[in-house]
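K.L.:
No sequence on hand, only this structure:
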């Protein structure tokens, strides 16, 4: 294992999307009061952002140095958003897809940026009633972000598997642990990134798309791992929004560890084999979540716990520093299953008690709302 340079723990930030629900039915809100956005801006300032639909919101974090700072901010931010929602007759819900809503006519955001997306992408945009978790990790000057992306990409399905929280769509069990990622595949430049040798090659491609009128702006490359167009970061976009805050922080910590280690690694190996494995493992993570099996370069198939242990083993001490809690929590998820498995178990449990599907799904949403309130254990809220 290569010796990792003595970088300090990488700074990072988190963007977490949420749905707004009708306070009585727990369905997606069909009517969002006009004073909702101004109230959120007053209370949360730049940490609040609108999303594609009026029945969505986003928490945007400041820059963190430690996971404890992130749990303090996000726990407080989730609570503030929930309180603001209740004051407007709504509920806020962090999850990849709403389990039962059949809302086909959700009102889009009034922001011109989002209006343009609906004009350009039509049905894929209308299908995007989805919530994701985005993690930015800072890349120091002198490091090529695309070279780092190539080294980290093989682990992206592992991070997706830990996050999967979208097994239901419009009241149906889709059979996928992350149906959100399947719907995201309808968009251009939102799935697995193509191979680029380095950041100049990546930027040249984006400039060509923009120059030929095929893409409105550089930020419209939404691949599930990408160099950020706004910040000096590598941005993880593959993950579903996590009902339990602990799962979101676990993914942030593991991504930070893997990226720190990537700064010490020489290359990404055979790019063609790596992409073939990535494509297969991406599908397995979408389909099975924490119960997936993954294909390795030596031909072996391993479960999530084994692959997770391999990922951690290739991280040197500087990459692990400050992220140990994230690995321990990921091990717990590998044993017990993630959100997708919990949701399916919940539905089956309610049906076994004699309830119908509609009642069972409404009970599931109530359980997810409770999960949103849970504060992770074992991380001091004021860790610095």
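P.N.:
That came through, no problem. Predicted, not measured: the structure shown is a model, and the values here were computed from it. Numbers count the residues shown, from 1 in each chain.
K.L.:
which helices and strands does the strand ranked longest in the chain pack with?
P.N.:
Across the chain, the longest stretch assigned as strand under DSSP state E is strand 12-22. In this structure, strand 12-22 makes packing contacts with strand 56-60, helix 67-87, strand 90-93, strand 132-138, helix 245-262, judged by 3 or more C-beta pairs under 8 Å, 6 or more residues apart in numbering; DSSP states H and E. The way it works is simple: take the backbone N, C-alpha and C, and place the C-beta from them, glycine included.
K.L.:
Give the burial count for the closest residue to residue 48 other than its chain neighbours, as a bare number.
P.N.:
Spatially, and ignoring its direct neighbours in sequence, residue 48 is nearest to residue 40 (4.4 Å; C-beta to C-beta, 6 or more residues apart in numbering). The number of residues packed near residue 40 is 22, by other C-beta atoms under 10 Å.
K.L.:
tell me the contacts of residue 40?
P.N.:
Contact analysis of residue 40 by C-beta atoms under 8 Å, 6 or more residues apart in numbering lists 48, 57, 81, 84.
K.L.:
so who does the last one touch?
P.N.:
The contact partners of residue 84, taken as C-beta under 8 Å, 6+ apart, are 36, 39-40, 43, 92.
K.L.:
quick one, what contacts the nearest residue to residue 377 once chain neighbours are set aside?
P.N.:
Closest residue to residue 377 apart from its sequence neighbours, by C-beta to C-beta, 6+ apart: residue 246 at 7.6 Å. Each residue near residue 246 by C-beta under 8 Å, 6+ apart is listed here: 329, 374, 376-377.
K.L.:
before we move on, what about residue 89?
P.N.:
By C-beta under 8 Å, 6+ apart, the residues touching residue 89 are 22-23, 33.
K.L.:
Among the residues you listed, name the buried ones.
P.N.:
Neighbour-count burial (16 or more other C-beta atoms under 10 Å) applied to these gives residue 22.
K.L.:
Now tabulate the contacts of residue 40 in CSV and tack on pLDDT and distance to residue 367.
P.N.:
Output for the contacts of residue 40, formatted as CSV (pLDDT from 0 to 100; distance: C-beta to C-beta, whole Å):
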residue, pLDDT, distance to residue 367
48, 98, 26
57, 98, 21
81, 98, 19
84, 98, 22
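K.L.:
one step back: just flag the most distant two among the contacts of residue 246.
P.N.:
Taking C-beta to C-beta as the measure, the contacts of residue 246 span a maximum distance of 12.5 Å, between 329 and 374.
K.L.:
ok, those two, which is more surrounded?
P.N.:
residue 329 (23 against 13).
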